[in-house]
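In: model this:
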Amino acid sequence: MSANVLVAEDDPKQAELLRRYLEHEGHRVSVVHDGRAALDEIRHCPPDLLVLDVMMPRVDGLDVCRILRRDSEVPVLMVTARGAEDDLLLGLDLGADDYLTKPYSPRELAARVRTLLRRTRSVAARPVATALRVGDLLLDPVRHEVTVAGAPVSCTPGEFALLSAFTAEPGRVFSRDQLLRRLHGLDSYITARTVDVHVMNLRRKIEANPRRPERLLTVYGIGYKLADG
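Out: Residues are numbered from 1 along each chain as shown. You can find the predicted model right below:
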């Protein structure tokens with residue numbers, strides 16, 4: 001599964017290690033060492049996936065993710081030395097699709113890259129001829145578009161994957177483990193809190209009042225469901 005991967009990492013030795021490992025996996029790899037350079041590279045030559053370090057000069061990884069998500073859906077694997085759960089979840093809240101905490105093995109990072117690429121490409125290649133509609137929410141798997149009452153909604157790949165599952169079976173209750181498999185497959189190491197963050201972000205985008213959701217509902221003790229009407 002060859003892809004164009006951009007690595008944004010300010011540590012030259014770590015960046016070179018990642019470049020060699022990902023190239024060994026068959027990917028074409030570009031490396032930048034600060035956040036501004038990452039944004040410039042993405043604008044001029046959009047990658048298939050971004051490996052993004054949080055602690056970088058000029059523009060840090062969190063700001064890169066925030067700026068990027070204004071007009072791009074490129075998958076983002078965030079890498080951070082911060083161990084606090086709130087910091088990790090903030091990256092997901094800003095639109096990252098997955099994260100790794102340092103220290104990590106290049107083998108684990110390569111596995112995460114494969115999973116994100118597989119998920120993104122499977123959504124793009126899925127042979128669905130018609131859009132999925134639930135009330136005034138419309139999801140088009142072919143065009144990778146979401147609208148609510150005719151207004152476009154920008155979704156990250158992770159958010160789109162979850163919303164695709166919900167709209168395909170409105171009314172069905174999905175457990176967090178089931179939704180994690182939709183997000184990352186069976187080789188994921190991250191926790192079910194990732195699902196909660198994606199659901200929270202989706203509610204901000206598709207609910208009139210995210211604090212009192214009427215579409216994407218919590219089923220306490222089980223998981224989530226999309227109201228079917």
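In: Geometric centre of the protein: which residue is closest?
Out: Centrality entry for the chain: nearest residue to the mean C-alpha point is Asp97, 2.2 Å, by Cα atoms, centre = their mean.
In: any low-confidence regions in the chain?
Out: Within the chain, the ranges that satisfy pLDDT under 70 run 1, 82-88, 121-129, 184-192, 229.
In: Would you map the strands across it?
Out: Secondary structure of the chain (DSSP state E): strands at 4-8, 28-32, 49-53, 76-80, 98-101, 132-134, 137-140, 145-148, 151-153, 174-175, 216-219, 223-226.
In: wait, Gln178 sits on Gly223?
Out: Yes: using Cβ atoms under 8 Å, Gln178 makes contact with Gly223 at a distance of 7.1 Å. Bear in mind the C-beta positions are built from the backbone N, C-alpha and C, glycine included.
In: higher neighbour count, the two?
Out: Neighbour tally, Gln178 and Gly223, criterion other Cβ atoms under 10 Å: the higher count belongs to Gly223, 20 against 14.
In: Show me what the more buried one is bridged to.
Out: Note on Gly223: beta-bridge partners Ser175, Val219, judged by DSSP bridges.
In: now do Val76
Out: Counting by DSSP bridges, Val76 is bridged to Leu50.
In: And it, how close does it get to Ala8?
Out: Look at Val76 and Ala8: by Cβ to Cβ, to the nearest Å, they are 10 Å apart.
In: So for those two, which residues contact both of them?
Out: Each of 50, 52 lies in contact with both Val76 and Ala8 under the rule Cβ atoms under 8 Å, 6 or more residues apart in numbering.
In: Would you state the helices of the chain in chain order?
Out: 12-24, 35-44, 61-68, 85-93, 106-125, 157-168, 176-184, 193-206 (DSSP state H).
In: Next, count neighbours for Pro157.
Out: Per other Cβ under 10 Å, the neighbour tally for Pro157 reads 22.
In: my guess is it contacts Arg118, does it?
Out: No: judged on Cβ under 8 Å, Pro157 makes no contact with Arg118 at a distance of 11.2 Å.
In: Hmm, Arg119 and Ala161 touching each other?
Out: Yes: Ala161 is within contact range of Arg119, at 6.1 Å (criterion: Cβ under 8 Å).
In: Name the residues contacting each of these two.
Out: Counting by Cβ under 8 Å, 6+ apart, the shared contacts of Ala161 and Arg119 are Leu183.
In: Reformat the strands of the chain as a markdown table; add distance to Lys205.
Out: Converted to a markdown table, the strands of the chain look like this (distance: least, Cβ to Cβ, whole Å):
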| stretch | distance to Lys205 |
| --- | --- |
| strand 4-8 | 26 |
| strand 28-32 | 30 |
| strand 49-53 | 21 |
| strand 76-80 | 17 |
| strand 98-101 | 20 |
| strand 132-134 | 15 |
| strand 137-140 | 10 |
| strand 145-148 | 8 |
| strand 151-153 | 5 |
| strand 174-175 | 18 |
| strand 216-219 | 10 |
| strand 223-226 | 13 |
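In: closest to Ile206 out of the ones you listed?
Out: Closest approach to Ile206 among the strands of the chain is made by strand 145-148 (5.2 Å; Cβ to Cβ).
In: got the buried residues for the closest one?
Out: Residues 146-148 are the ones in strand 145-148 that count as buried (16 or more other Cβ atoms under 10 Å).
In: now what about that strand, what contacts it?
Out: 136-140, 152-155, 160, 163, 205-206.
In: let's go with 7 Å and repeat that
Out: Defining contact as Cβ atoms under 7 Å, 6 or more residues apart in numbering, one finds that strand 145-148 is touched by 136-139, 152-153, 155, 163, 206.
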